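> Generate coordinates for the sequence data below:
(2 chains)
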Amino acid sequence: MTAALTLEGVNKRYGDFQAVRDLSFQVEKGSICGFLGPNGAGKTSTIRMILGLQPATSGRIAILGADDGRKVRDRLGFLPEERGLYKKMTPVDAIAFFGALKGLPTGEGRKRAREMLDAQGLGDARRKKMKELSKGMSQKVQLIASVVHRPEFVILDEPFSGLDPVNQQGLETVIRQLAADGATVLFSTHVMQHAERLCDKVVLLARGKKAFEGSVAEARATSPRFLELEGAIAPDQAAGLPGVAGVEVISETDGVRVIKAALALGAQGQDALKAAFLGGLDVRRFELREPGLHDAFIGLTGDNPDQDQSVKAAEAAR
Amino acid sequence: MNRTLLIARREYGAYARTVGFWLSLLAFPIFGGLGVGFAYLVKTSEPVREVVLIEEGAGASGLAAFVRAALEEDSERQAAEAREAVEAAQAATGAPVQPAVAEAATSATRSSIRLVAAPADLAASAPGSAQDELLRKYLGKDVPKSERLDAVVFLQRVDGKPTARVWSASATDSTVRRFVSGALKSANRREVFAAAGIDPVVVNETETYDPDVKSFSPQSMSGGAVTDRDKIPLLIGLASGFILWSLIITGASILLNSVMEEKSNKILEVLLSSASATEILTGKVLGVALLTLTVLAAWGGLGAIGLIIAAPSWAADVGAAILEGGLLFYFVAYMVGGYLMYAVLFAAIGAFCETPRDAQTLMGPIMMVLVVPLLVMQMTLNTPDSPIVRILSWVPFFTPFLMSARAPSDPPMFEIVGTMAGMFAFALLMVWIAGRAFRAGALSDVKLSWKSFAGAIGRGR
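Model (predicted):
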């Protein structure tokens, strides 16, 4: 597969603060790539460099064969993290305007806008002003505005933030459809579940550095499986079970604990279960869990993806 | 359509479709008309004060007649002035003045004082507490409105000189006091001259003589006698300066607010992913320029129509002054340079701000600087070549306004060329600086200050 996007040794520095460090990865044409990391990890800075909105301090970026995103901006679609459209415009006008900026004739833009709004269930909102729409509706309109010109490469910066579960599901469908239509999609998020469901490939970023690049399955494989045990069990009893590499008490109520017991690589959960019964431990619930991307992220970076790193970054800069 | 024009079209449409734009477009001519009407209303609605004159003592005999005569003279003088104004307007405009207008002009010049006979009881009363009581009654609100007085003037002589005590219904209205003071001054002058053996008729003629002084200048239209029409180019120049100031600042402020709104609504980042900073800045500047040209065309059109209807012969002179004197060229050139300078500066500031409060940090000093040409421009009417005006004309920020106002007075060619070259060079520098600041500000979250603004210009993006 040929690469639609390539980053090689990219660095971005703001004064004393290094936002992105030696970042290299590729996104293959027609694939969906998740760009994952906590807030402040350097995702938005990287996206801005890819789009050519900010120069890299050093390193090389190639997108759709160009060495600068600005040279192929008409072939790109971009949904920024902080979203907004002209409040007094109607959705159709706003979508047609942004489409026209990407070279789409206004008439065609308006036609596509109407079709896409209908498809998203926003047909009734066509003639309303943007300020009259709900936040979820506005975000849908902005997403349509960013892809109305049918771009070859779509970059979505935290597209799921602020959406309710129903709209999140709808957005996942849109992203899958974009890829099915041949577009390459790169989206950033700090919520791993979306990436698990959507991505052909993920790039994990922590403190400006790449922690992992590969498929979701490969990412999960880097992290051990674990057991979830519930009962009147002491943590040291769980730690003594065969194959258990470490334990973490998730909750405790009236002496009944929920314990997460990480298994060593290659260890079998059944061995631990057998030993627990043979040892007479009070196990009321036993579950063997595969690691998620969230666990993989923690395992690979030592950071929690839900934790805001922008505060840490600001402190580091000081 | 290219991106710059698309952005310009959106910018123009966004404002031209608002009610506020059309209100502000019409506000200038409407308030101009209202201003004239209001001045007339103030003049005609001034109440006529009913005044009683009482001579106190035999020595005061004749003073009341003198005050009465002074009042009649004043009314006649005002009526004559109104007639002259109507005739002058008729001669200047080349069109007959409507009878209603002539009537309005005459009624606006009526006297604000009317002498009435003293109520019998007041006339018969002797000075003292009883008279005081009567005075308070007639000046107060206890008597019916028809009997109420606005002032009672007691005329006397003290050491042979005319004096007066003026009792007024209002403690703050000094109209009657001022009029009586003037009349008595005149009375005293005549008496002094009469005592010196000078005929009162001669004194009257001397006082009312109005010399006919004619002005001549080689720079006048005729090359000799100076008329009111010779002031047309200077007035147009001054008006151009003020209009330019108003349009440029209005346009630049619209840009500031527009960019600020896009920044706060997070639209700038989307725009930057679709067009270059230069295209966005140019498109916005162009769109607002078209907006200001629309305003200018509307004002100019309404002004021209009004002038053609009200004063056809002046309209021809104004047209000639604008077209033949090169004023139109200067106006266009200074508008382009001035607008460019301020528009890009304000847009760059807007790129750093999300609220008007953010913008105040930089806008405060800039607005203070902008007051300077407003103050200095007025000097150009009488002394367009004064050193302060000439020196400040070289400051690029002031050049458009001051040189527009000075243009009709034929400033030296080196000043015209030099200041214009300086203005355009500075405008291009501003475009370069503002372009860098705009690029940096659009994606920046830093708090705006002079330091951060200068830093952004240094970094450029």
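> mind giving me the domain split of chain B?
Annotated domains of chain B cover B:47-208, B:230-459 [automatic domain parsing].
> which parts of chain B sit against chain A?
Counting by C-beta under 8 Å from any C-beta of the partner chain, chain B comes close to chain A at B:1, B:3, B:6-7, B:10, B:14, B:265-267, B:269-276, B:443, B:461. The C-beta positions use only the backbone N, C-alpha and C, and glycine is treated the same way.
> Separate out the buried members of those.
Neighbour counting over the residues of chain B next to chain A (16 or more other C-beta atoms under 10 Å in any protein chain shown) leaves B:3, B:6-7, B:10, B:14, B:265-267, B:269-276, B:443, B:461 as the buried ones.
> Distance of the residue of the stretch 151-300 of chain A found nearest chain B relative to B:Ala407?
Among the residues of the stretch 151-300 of chain A, A:Ile155 lies closest to chain B, at 8.4 Å counting by C-beta to the nearest C-beta. As judged by C-beta to C-beta, to the nearest Å, A:Ile155 and B:Ala407 stand 53 Å apart.
> So between the two, which is more surrounded?
A:Ile155 (29 against 26; other C-beta atoms under 10 Å in any protein chain shown).
> Just the pLDDT at the more buried one, thanks.
Per-residue pLDDT puts A:Ile155 at 94.
> do A:Gln307 as well
Reading off the model, A:Gln307 has pLDDT 65.
> Repeat that for the one 3 residues further on.
According to the prediction, A:Ser310 has pLDDT 58.
> B:Pro200 now?
Per-residue pLDDT puts B:Pro200 at 74.
> before we move on, the earlier item: and the domains of chain B, which is most packed in?
Comparing these by mean neighbour count (mean count of other C-beta atoms under 10 Å in any protein chain shown), domain B:230-459 comes out on top with a mean of 19.
> Can you give the distance from that one to the centre of its chain?
Distance of domain B:230-459 from its chain centroid, counting by C-alpha atoms, centre = their mean, to the nearest Å, is 21 Å.
> What's the mean pLDDT across it?
For domain B:230-459, the per-residue pLDDT averages 84.
> do the same with stretch A:198-207
For stretch A:198-207, the per-residue pLDDT averages 89.
> quick one: A:Glu82 and B:Glu269 touch, right?
Yes - contact criterion C-beta atoms under 8 Å: A:Glu82 and B:Glu269 qualify, at 7.1 Å.
> returning to that earlier point: what helices and strands are in contact with the helix or strand hosting the residue of the stretch 151-300 of chain A closest to chain B?
If you go by DSSP states H and E, A:Ile155 is part of strand A:153-157. Packed against strand A:153-157 by the contact rule (3 or more C-beta pairs under 8 Å, 6 or more residues apart in numbering or on different chains; DSSP states H and E) you find helix A:43-51, strand A:76-79, helix A:135-147, strand A:184-189.
> angle of that strand against helix A:43-51?
Orientation check (axes from the mean of the first three to the mean of the last three C-alpha atoms, to 10 degrees): strand A:153-157 against helix A:43-51 gives 160 degrees.
> okay, whatever helix or strand comes next after strand A:153-157 in PDB with CA atoms only?
Helices and strands here follow DSSP H and E; after strand A:153-157, the next one along the chain is helix A:165-180. The C-alpha coordinates for helix A:165-180 follow below in PDB (Å, rounded to 0.1, in the frame of the first residue of the first chain):
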ATOM      1  CA  PRO A 165     -23.500   8.500  22.300                       C
ATOM      2  CA  VAL A 166     -26.100   8.500  19.500                       C
ATOM      3  CA  ASN A 167     -24.200  11.200  17.500                       C
ATOM      4  CA  GLN A 168     -20.900   9.500  18.300                       C
ATOM      5  CA  GLN A 169     -22.300   6.300  16.700                       C
ATOM      6  CA  GLY A 170     -23.500   8.400  13.700                       C
ATOM      7  CA  LEU A 171     -20.000   9.900  13.300                       C
ATOM      8  CA  GLU A 172     -18.400   6.500  13.300                       C
ATOM      9  CA  THR A 173     -20.700   5.500  10.400                       C
ATOM     10  CA  VAL A 174     -19.600   8.700   8.500                       C
ATOM     11  CA  ILE A 175     -15.900   7.900   9.100                       C
ATOM     12  CA  ARG A 176     -16.400   4.300   7.900                       C
ATOM     13  CA  GLN A 177     -18.300   5.600   4.800                       C
ATOM     14  CA  LEU A 178     -15.500   8.100   4.000                       C
ATOM     15  CA  ALA A 179     -13.000   5.300   4.000                       C
ATOM     16  CA  ALA A 180     -15.300   3.100   2.000                       C
END
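> Identify all contacting residues around helix A:165-180.
A:30-32, A:120, A:136, A:139-140, A:143, A:147, A:154, A:156, A:159-160, A:163, A:185, A:187, A:194, A:197-198 (C-beta atoms under 8 Å, 6 or more residues apart in numbering or on different chains).
> Can I get the buried part of these as one ChimeraX selection?
Under the burial definition 16+ other C-beta under 10 Å, those of the contacts of helix A:165-180 that qualify are selected in ChimeraX by:
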select /A:30,31,32,120,136,139,140,143,147,154,156,159,160,163,185,187,194,198
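> Next, the contact list for the closest residue to B:Thr175 other than its chain neighbours, please.
When the adjacent residues along the chain are set aside, B:Thr175 lies closest to B:Ser112, with 5.9 Å between them (C-beta to C-beta, 6 or more residues apart in numbering or on different chains). Residues near B:Ser112 by C-beta under 8 Å, 6+ apart: B:46-49, B:175.
> Next, the angle helix A:165-180 makes with the strand holding A:Ile155.
Going by the same axes, to 10 degrees, strand A:153-157 makes 160 degrees with helix A:165-180.
> before we move on, what SS does A:Glu81 have?
coil (DSSP: H, G, I helix; E, B strand; the rest coil).
> Run a quick neighbour tally on it.
A:Glu81 has 17 nearby residues by other C-beta under 10 Å.
> you'd agree it is up against A:Gly40?
No - taking C-beta under 8 Å as the definition, A:Glu81 is not a contact partner of A:Gly40, at 11.8 Å.
> about what we covered before: for the residue nearest to B:Thr175, give its distance to chain A.
53 Å (C-beta to the nearest C-beta, to the nearest Å).
> Then B:Gly301?
28 Å.
> before we move on, what about B:Gly223?
The value you get for B:Gly223 to chain A, if C-beta to the nearest C-beta is used, is 58 Å.
> same deal with B:Gly435?
From B:Gly435 to chain A the distance is 15 Å (C-beta to the nearest C-beta).
> what helix or strand does that residue sit in?
Applying DSSP H and E, one finds B:Gly435 within helix B:413-442.
> Same question for B:Ala183.
Residue-wise, B:Ala183 maps onto helix B:175-195 under DSSP H and E.
> tell me the SS of A:Arg13?
Here A:Arg13 is recorded as strand under three-state DSSP.
> okay, now it: neighbour count?
What A:Arg13 shows, counting by other C-beta under 10 Å, is a neighbour count of 15.
> Now do the same contact list for it.
With contact taken as C-beta under 8 Å, 6+ apart, A:Arg13 is in contact with A:19, A:57.
> Name whatever forms a beta bridge with it.
Following DSSP bridges, A:Arg13 is listed with bridge partners A:Gln18.
> what separates it from B:Gly326, distance-wise?
A:Arg13 is 55 Å from B:Gly326, by C-beta to C-beta.
> re the thing from before, would you mind giving the domains of chain B as TSV with distance to A:Arg73 added?
Putting those into TSV (distance: least, C-beta to C-beta, whole Å) gives the following:
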stretch	distance to A:Arg73
domain B:47-208	60
domain B:230-459	6
